[in-house]
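**Q** build the 3D model from these lines:
(chains A and B)
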Amino acid sequence: MKKRTRIKLKRNVVFLSHRLYFLSQSDSTHLNVNRTGRKMGNRALLALVFLLGCGGNSDREFIQNKGSDTLVNVAQAWAENYVSVDSTVAVAVTGGGSGTGISAMINGTVDIANSSRAMRGEEIEAARANGVDPIEHTVGFDALAIFLHPDNPLRSISFAQLGSIYGDGGNVDSWSQLGIEMPGCSSGEIVRVSRQNNSGTYAYFQEAVLGEGKDFGLGSRDMNGSSEVVDLVASTPCGIGYSGLAYATEEVFMPCVTVDEGSDCVFPSVETAIDGSYPISRPLFMYTAGQPEGQVGAYLDWILGEMGQCILFGKGYAPVTSVVCS
Amino acid sequence: MFQSTELNRRNHSVQKLVSILFGVVTCLLIVPVLTIMTVLVYKGGPNISFEFLFSAPTNGMTAGGIFPALLGTILLVVVALIFSVPLGVATAVYLSEYASDTWLTRLINLAIINLAGVPSIVHALFGLGAFVIFAGFGTSILAASLTLGIMTLPVVIVATRESLQAVPPEFRMACWGMGATRWQTIRKVVLPNAMSGILTGVILEVSRTAGETAPIMFTGAAFFLPFLPQGILDQTMAMSLHLFVVSTQVPGVPETLPYSVALVLVSLVLIMNAASIILRAYVRGQKKW
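**A** Next comes the predicted model:
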């Protein structure tokens, strides 16, 4: 479908440029004009013909892949490695957040939308209204880690504490309320680092930690990417942040997380995400328009196969199937 | 014999003070430019090599070069110029040489001024709706360049119109007096004399087009592409988006990489500008007034 419209478009463009070229040829015969100027004009037209003529000329098939910033680096790695598997397919990867990918899916401008949250009912309906039937594929799991400055003495944190720090109406705004003395943070105030509201990470944290229907409190620093969250927390002694485990660096500390008083405190890791013991671990999705066929299908099969899952594992996410990676 | 009074002397010293003060303020303008360039060259310079410029990014974009982004930005700028320069110059010629001052031309002028004031993110959404979805170009160089072209159209129109109006009216009158038509006058007298001004507009457009990120993010630029674009209906990587991506989206990027990308982007704009400036100097040299 997509390919056909492209070919048609290309034919029109080439036709148009040829006409332009002939027009410029014919009128030079009965107009007495500056020769060099005309020559330059022709050259420019030829360049135009060349540029337009080679539009869409590739034998390569493009797969448009857009969405989640959490998945974007894995998606990039998949695209980079898929070249060695099938060099006739080019996977174009774009980030922007889960919401960006999902709206592109609804508009029908992508082949695969990446999302770190499930599509909502009304989004699926909107897509169906546009003649797109989104099919969900789970491609991996991600542990959502809490990040602290390495000097922070806090070693464990509970859902209740996170809720009173991040949630609307939460009453904890200084480290002393959590019973700790934070060196290097003279104001003692907790600097909350969060994500922008079209981020799947933002939506998942809200749903899993704050609870359904609870909102974030105002006044957090909303970052546009997971690695920005980590960078900011690493350089802010007063800071606390959350993001995918894959974005963790040596410069931040990740406390263990408990669901409620008395339950086990579990540190985030790929292993605890796989066995399900880490409480904030979520599936990562890729959505296709209808059942994946042809090149898109082959690409998804490869992603879910050993090589694709090992790349995902190498980026710090938990694979969906048990694979042995070197 | 003129004897300076107390008042004269005071006025004179105030005048001197103001001139020094304003001079210093003007010089302060150089500080940000110098700082930016120094930091970029110091941190990003050592990393730049032939290989960096002409190879593709590897290892999850933390290593390798920037060639796909470099080529992409050049393509985006060239295609945008192909669309916007003829359109902009034609509009300016019509407004300045043919149109009389009616409510319609005043409306057109108003539209141009407003187009210049539209934020680039709005242009991006317009491009997404009009070129990517409605016209069916998909996310492609064509859609992105058209968006950039429309965004920079006012720059070309305003610069061209001003340079056309700077051509003395006597030139036109002399030409008409020889029996030339309006078009012959424009073609042979007005446009050649206005060329340096038009090129200034183009220079400004190139700088803006190469640096914009928002309009191309939705319409044609990709986070990553394993291949070079084959034609203008393909997507492309671009320097400005690549800079955004390596500085904020990818973990484990070596600290110097974003600086190197920024340095190449700035140099690219400077080189493109330099080419136009040389051309403009040449055209100006041909002038007879």
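**Q** measure stretch A:300-312 end to end?
**A** 13 Å (Cα to Cα, to the nearest Å).
**Q** so how far is residue A:304 from residue A:135?
**A** Counting by Cβ to Cβ, to the nearest Å, the gap from residue A:135 to residue A:304 is 13 Å. Any C-beta I mention is one placed from the backbone N, CA and C, and that applies to glycine too.
**Q** and those two? which has more neighbours close in?
**A** Neighbour tally, residue A:135 and residue A:304, criterion other Cβ atoms under 10 Å in any protein chain shown: the higher count belongs to residue A:304, 18 against 12.
**Q** identify the residues contacting the more buried one.
**A** Counting by Cβ atoms under 8 Å, 6 or more residues apart in numbering or on different chains, residue A:304 makes contact with A:137, A:139, A:320-321.
**Q** with residue B:110 instead?
**A** No contacts exist for residue B:110 under Cβ under 8 Å, 6+ apart.
**Q** rounded mean pLDDT for the helix or strand in which it is found, please.
**A** Taking DSSP states H and E as the criterion, residue B:110 maps to helix B:103-117. Taken as a whole, helix B:103-117 has an average pLDDT of 88.
**Q** summarise which helices and strands the helix or strand following that helix is packed against.
**A** Using DSSP H and E, the helix or strand that follows helix B:103-117 in sequence is helix B:120-127. Packing contacts for helix B:120-127, counted by 3 or more Cβ pairs under 8 Å, 6 or more residues apart in numbering or on different chains; DSSP states H and E, involve helix B:141-165, helix B:214-217.
**Q** would you put the C-alpha positions of the last one in CSV?
**A** Which is helix B:214-217. In CSV, the C-alpha atoms belonging to helix B:214-217 read as follows (Å, rounded to 0.1, in the frame of the first residue of the first chain):
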residue,chain,number,x,y,z
ALA,B,214,11.6,21.3,15.9
PRO,B,215,10.3,21.5,12.3
ILE,B,216,12.2,18.4,11.2
MET,B,217,11.6,16.3,14.3
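**Q** for that helix, what is the distance to the chain centroid?
**A** Relative to its chain's centre, helix B:214-217 lies at 15 Å (Cα atoms, centre = their mean, to the nearest Å).
**Q** need the contact partners of that helix.
**A** A:94, A:96, B:76, B:120-121, B:123-124, B:127, B:144, B:147-148, B:151, B:238, B:240-241.
**Q** still on that earlier bit, what's the most buried one of the helices and strands packed on helix B:120-127?
**A** helix B:214-217 (a mean of 27; mean count of other Cβ atoms under 10 Å in any protein chain shown).
**Q** tell me the average confidence for that one?
**A** Helix B:214-217 comes out at a mean pLDDT of 87.
**Q** now the strands for chain A?
**A** A:61-67, A:89-94, A:112-115, A:134-148, A:156-158, A:191-195, A:221-223, A:239-244, A:256-258, A:281-289 (DSSP state E).
**Q** out of the ones you listed, which comes closest to chain B?
**A** Closest approach to chain B among the strands of chain A (Cβ to the nearest Cβ): strand A:89-94, 4.4 Å.
**Q** residues from the stretch 1-150 of chain B in reach of chain A?
**A** B:58, B:60-61, B:78-79, B:82, B:132-133, B:136-139, B:142 (Cβ under 8 Å from any Cβ of the partner chain).
**Q** from the residues you listed, which would you call buried?
**A** Neighbour-count burial (16 or more other Cβ atoms under 10 Å in any protein chain shown) is assigned, among the residues of the stretch 1-150 of chain B next to chain A, to B:60-61, B:78-79, B:82, B:132-133, B:137-139, B:142.
**Q** any chance of those in a markdown table, plus secondary structure?
**A** Formatted as a markdown table, those follow (DSSP: H, G, I helix; E, B strand; the rest coil):
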| residue | secondary structure |
| --- | --- |
| B:60 | coil |
| B:61 | coil |
| B:78 | helix |
| B:79 | helix |
| B:82 | helix |
| B:132 | helix |
| B:133 | helix |
| B:137 | coil |
| B:138 | coil |
| B:139 | coil |
| B:142 | helix |
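**Q** still on that earlier bit, any chance of the strands of chain A in CSV, with distance to residue B:99 too?
**A** Output for the strands of chain A, formatted as CSV (distance: least, Cβ to Cβ, whole Å):
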stretch, distance to residue B:99
strand A:61-67, 44
strand A:89-94, 43
strand A:112-115, 48
strand A:134-148, 51
strand A:156-158, 69
strand A:191-195, 51
strand A:221-223, 49
strand A:239-244, 57
strand A:256-258, 69
strand A:281-289, 48
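**Q** can you add distance to chain B and mean pLDDT and give the ones you listed back as TSV?
**A** What follows is the strands of chain A, written out as TSV (distance: least, Cβ to the nearest Cβ, whole Å; pLDDT from 0 to 100):
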stretch	distance to chain B	mean pLDDT
strand A:61-67	7	87
strand A:89-94	4	87
strand A:112-115	11	92
strand A:134-148	12	89
strand A:156-158	22	88
strand A:191-195	12	90
strand A:221-223	8	88
strand A:239-244	10	89
strand A:256-258	21	89
strand A:281-289	14	89
